[in-house]
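*Asks:* The following comprises the amino acid sequence and a computationally predicted model.
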Amino acid sequence: MAAKKDDFSVKKISPKLGGERGTRNPNGPTSSHDLVEQMEFLYVEVIKAINNSIVANTCNPIVEITLGNYKSSTKSLQLEPNGEWNQVFAFDKTKGDVLSVTLRDGRRENGAVIGTQNFKVAADIPFRVPPDARIAPQWYSMGSMELMMSIWFGTQADEVYPRAWFSDASDVSARCVVNTRPKLYLAPRLCYVRVTIVSGHDLICNDVNRTPCSVYVRATLGGVKLYTEVSSGSNPSWNQDLIFVASEPLDETVYITLFDKVNGQPHDECIGVLKKKLSEMTAVKVPGSAPALFYDIEPPVRLKPAGDSRRFASRIKMKLATDQAYHVFDECVQHSSDYRAFAKGLWPDLLGKLEIGILGATGLATMKEWRDGRRSTDAYVVAKYGSKWARTRTVVGNFSPKWNEQYSWDVFDKCTTVTFGIFDNRQLVLVSSSNDQMNDGLIGKVRIPLMLLEWDRVYTCSCPIMVLREDGLKKMGELQLAIRCLCVANPYVRWTSPFRWMLPKAHYKSPLSMVQTEDLRWQAIRLNGLNLARMEPPLLNEVVLEMLRPTNKSFSMRTTKANLERLRRVVGKMFDWCVWMNETVRSTTDFRPKIITCVASVVLVFGWWYWILWLAVWPVIPVYLAVISLREMFRFSRGEFDRLVLGVHVNSPPPLVPVDLKLWGLDSPDLDELEEEFDMFPSSVVDVDVLRMRYDRLRKEVGENVMLLLGDVASQCERLVAFLSLLFGSPVAWICFSLVCYVMVVLVYVFWDQVILIQKFVFIWLVVRWVNFQCFRNDLPSGVSNFFRRLPTNEGPMF
């Protein structure tokens, strides 16, 4: 029997979302958990125990909480200085009928029971839903002691949910349970630091009998070191930019060190040191450069010229600036989630809100195998958009976990992508040293472009978690999401946002090269990893690296074929009209289209017959445009009425992320091509040396360039097709097109006698614009190019 093939389609699901918008006020405020299913938990908050007798003074109390087959204990918890635990335990209310709380003597392994309290789950426990006030803790008699605790039913909206100890993680030690809790991380904003080394003046060596011969400068910020080229003489000149990445609050220090290469010595000689704080540098918030200033250099050895008591110092001329007008990329450009500059004053207007409910996952792959044969997966999800990272709680030992956690982000540009990473938590066991610490395993990633989402519509879907390996495309499970984009901007901001500059102005006035951008991106990834690893609980460095890892740009025969197919599809659509003309006019036996074509050709060739064409066609065009526009306006207004008043959507949303496996050669992949794609560089294939050298050269110098070129051409053509589809498929676009046509008709009627003169002026104006005089020059992209750049393409599959 043939093996069942995995289903890689994006499925629509129908979860029971809690607190959705009402039918009478669909645009009203929403609750903080209206995109997730309500999960009910039994919360037990254990605060402290006190002694009622002298005998109990020597007791080390331990609280054990049991519901069905689940048991949690305070055994591994450390008491606070005031003798309190202050720990919340959470249980699934459906796992038992009786909650048992037992107080034991913890001095022995199985200490004596001091007291027990039993609660009937169906009758004795109250239900609480925020914003109700917290239930006050009570004292319960436990034999010779009393225990203060509170018990209630709650949901994931409860404020104790982020710090609760869940029953599925009861086997996790108290020191590691913090690694299972949900958390929000705000990564510090990143800024470019530009150190421009202009020249050195009056440089001297430590040996007064020698002058500097080959001098270079090293700049150090954090753990990054950058070097200038070597220049000779005591007054060397470099004019070289050294660019770093720094994070707010910009309180670090840049160390400038000058070295002199000395022939015959193993180490270069340090001839000067200078340090400068980032807060003392010029903050550049507009495209431009900082002023060049002279700085005194401190020599490593204090030199006093003979016979002169005055202070002498070498100087270096530099431009020191924090370039706050740039956006620092920490993601690859194709899947970036943010384009804002560091300076808040340069941010665009807020466009909307992105609300995401992470419901759960199904069919996750096995990530751990234990010595006793058990297999498990302890999964959690990391969502990244902009500088805000969200991490769900870890569901221990479940291949179909349920999280039902909701998060929101600010959206400043809809041409962005939100990234989800599903990881296996391997920080649940204490290790003796950091060398034994295991990295969290990546299960898979899912990317969703916001351009595919319509405003104010809820998408509920189950996205496949796909991983491409040498043996083919593997499905690691499915991630269930509920996503909504809310537009909070005014109509002007909303409709003009596609025409704004995608990047800050400085990227167009003083652009960085692709090589510089890629090098700085790796600096940004490293800095983000260090910043997020210092938080509690830490977001591990390998998790940050996997979330920000770029797409593979090495040569791939599969990707090259896919780009060729993308280009072929677009070109085929562009030339479909030729096939239609051939079938309609040349290949048909009907004489009517042939006569019509001949008459139209004669009318166009003989200019004095234009009046016949105008008399025949001109009255029809305005009537046709009016009828079509009225129909589209009625359909658009009816749809808006149903959405805003009745709260229903007439048209079902398009697929969230279409996955074209056939296009990318993954429905039946060639294993040899995949092996070539995953092969390292240089090739590890054992073969003739010359053949391997030529093969590697072909892949490196020709293959990558051809693949990227074909991809860029296909993307531009796909944007053109998307623009045509938007023009003829959207009611709003059709209405705008009709209005433009009416304006043109009015202008032609008003200025009919000057049409020829206007055509001449238009032609002269186009020529003047083409020659690009200095007074008309503008280096910034136009609104049309910004709108065209935001049109969707098919270059980002979900693996």
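*Replies:* Thanks, I have it.

*Asks:* C-alpha only now, for contacts and for neighbours.
*Replies:* Will do.

*Asks:* Tell me where the stretch 451-600 of the chain has helices.
*Replies:* 491-496, 506-509, 514-533, 541-548, 557-574, 576-581, 592-605 (DSSP state H, counting those that start in this stretch).

*Asks:* could I get those helices as TSV with distance to G783?
*Replies:* Formatted as TSV, the helices of the stretch 451-600 of the chain follow (distance: least, CA to CA, whole Å):
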stretch	distance to G783
helix 491-496	9
helix 506-509	14
helix 514-533	24
helix 541-548	30
helix 557-574	24
helix 576-581	30
helix 592-605	35
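
*Asks:* pLDDT averaged over the host helix or strand of E675 - what is it?
*Replies:* Using DSSP states H and E, E675 maps to helix 671-677. For helix 671-677, mean pLDDT is 75.

*Asks:* residues of that helix that come out buried?
*Replies:* By neighbour count on 16 or more other CA atoms under 10 Å, the buried set for helix 671-677 is 674, 676-677.

*Asks:* Could you dump these into JSON lines and include distance to Q754?
*Replies:* Listed next are the buried residues of helix 671-677 as JSON lines, based on distance: CA to CA, whole Å:
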{"residue": "L674", "distance to Q754": "64"}
{"residue": "E676", "distance to Q754": "65"}
{"residue": "E677", "distance to Q754": "63"}
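
*Asks:* The longest helix seen in the chain vs helix 557-574, what angle?
*Replies:* Counting by DSSP state H, the longest helix found in the chain is helix 704-729. In terms of direction (axes from the mean of the first three to the mean of the last three CA atoms, to 10 degrees), helix 704-729 departs from helix 557-574 by 40 degrees.

*Asks:* Who are the packing partners of helix 704-729?
*Replies:* Helix 704-729 sits against helix 557-574, helix 731-750, helix 783-789, with contacts defined as 3 or more CA pairs under 8 Å, 6 or more residues apart in numbering; DSSP states H and E.

*Asks:* how about 7 Å then?
*Replies:* helix 557-574, helix 731-750 (3 or more CA pairs under 7 Å, 6 or more residues apart in numbering; DSSP states H and E).

*Asks:* I'd like those as JSON lines, with mean pLDDT appended.
*Replies:* Below are the helices and strands packed on helix 704-729 laid out as JSON lines (pLDDT from 0 to 100):
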{"stretch": "helix 557-574", "mean pLDDT": "79"}
{"stretch": "helix 731-750", "mean pLDDT": "79"}
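
*Asks:* Looking at these, which is nearest to R108?
*Replies:* R108 sits nearest to helix 557-574 of all the helices and strands packed on helix 704-729, at 64.5 Å, using CA to CA.

*Asks:* Now do the buried residues in the closest one.
*Replies:* Across helix 557-574, burial judged by 16+ other CA under 10 Å covers 557-567, 570.

*Asks:* Give me the contact list for the helix holding E675.
*Replies:* The contact list for helix 671-677 (CA atoms under 7 Å, 6 or more residues apart in numbering) reads 470-472, 555-558.

*Asks:* Among those, which has the minimum pLDDT value?
*Replies:* F555 (73).

*Asks:* Pull the contacting residues for that residue.
*Replies:* Residues near F555 by CA under 7 Å, 6+ apart: 677, 699, 703-704.

*Asks:* Go through these and name the one nearest L258.
*Replies:* E704 (39.0 Å).

*Asks:* for the closest one, what are its contacts?
*Replies:* Counting by CA under 7 Å, 6+ apart, E704 makes contact with 554-555.

*Asks:* re earlier: so for S337, which of the helices and strands packed on helix 704-729 sits nearest?
*Replies:* Per CA to CA, nearest to S337 of those: helix 557-574, 24.0 Å.

*Asks:* so how far is stretch 415-434 from its chain's centroid?
*Replies:* 16 Å (CA atoms, centre = their mean, to the nearest Å).

*Asks:* how much space between the residue lying closest to N179 once chain neighbours are set aside and D338?
*Replies:* Counting by CA to CA, 6 or more residues apart in numbering, the nearest residue to N179 once its immediate chain neighbours are dropped is P537, at 6.0 Å. Relative to D338, P537 is positioned 25 Å away (CA to CA, to the nearest Å).

*Asks:* hang on, the earlier thing: can the contacts of helix 671-677 go into TSV with extra columns for distance to F294?
*Replies:* Putting these into TSV (distance: CA to CA, whole Å) gives the following:
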residue	distance to F294
E470	57
D471	60
G472	60
F555	48
S556	51
M557	54
R558	55
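
*Asks:* so how far is stretch 503-520 from its chain's centroid?
*Replies:* 19 Å.

*Asks:* First-to-last residue distance for that stretch?
*Replies:* Start-to-end, stretch 503-520 (CA to CA) is 16 Å.

*Asks:* count of neighbours near the closest residue to R134 other than its chain neighbours?
*Replies:* Nearest non-adjacent residue to R134, counting by CA to CA, 6+ apart: R128, 8.0 Å away. For R128, the count of nearby residues is 15 (other CA atoms under 10 Å).

*Asks:* got it, and F412?
*Replies:* 21.

*Asks:* you'd agree it is up against L354?
*Replies:* No: look at F412 against L354 with CA atoms under 7 Å: they stay out of range, at 10.1 Å.

*Asks:* give me every residue that touches C191.
*Replies:* 245-247, 322-324, 328, 342.

*Asks:* Mark which of those residues are part of helices, please.
*Replies:* Per DSSP H, the contacts of C191 never map to helices.

*Asks:* In strands only, show me those residues.
*Replies:* Applying DSSP state E to the contacts of C191, the entries found in strands are 245-247, 322-323.

*Asks:* In TSV: the residues you listed, plus distance to T366, neighbour count and pLDDT.
*Replies:* Formatted as TSV, the ones in strands among the contacts of C191 follow (distance: CA to CA, whole Å; neighbours: other CA atoms under 10 Å; pLDDT from 0 to 100):
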residue	distance to T366	neighbour count	pLDDT
V245	39	23	95
A246	39	24	95
S247	38	19	93
T322	47	27	94
D323	46	28	93
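
*Asks:* ok, of the residues you listed, which one's closest to K384?
*Replies:* Of the ones in strands among the contacts of C191, the one sitting nearest to K384 (CA to CA) turns out to be S247, at 18.0 Å.

*Asks:* Just give the closest residue to the closest one, not the sequence neighbours.
*Replies:* L190 (4.4 Å).

*Asks:* what about the one you found, how many neighbours?
*Replies:* 25.

*Asks:* packing partners for the lengthiest strand in the chain?
*Replies:* Ranked by residue count, the top strand of the chain under DSSP E comes out as strand 472-487. Here strand 472-487 touches strand 352-362, strand 458-469, going by 3+ CA pairs under 7 Å, 6+ apart.

*Asks:* now F575: how far from E565?
*Replies:* 15 Å.

*Asks:* where does the stretch 551-700 of the chain dip in pLDDT?
*Replies:* In the predicted model, the stretch 551-700 of the chain carries pLDDT under 70 at residues 582, 585-621, 643-658, 686-687, 690-691, 694, 697.
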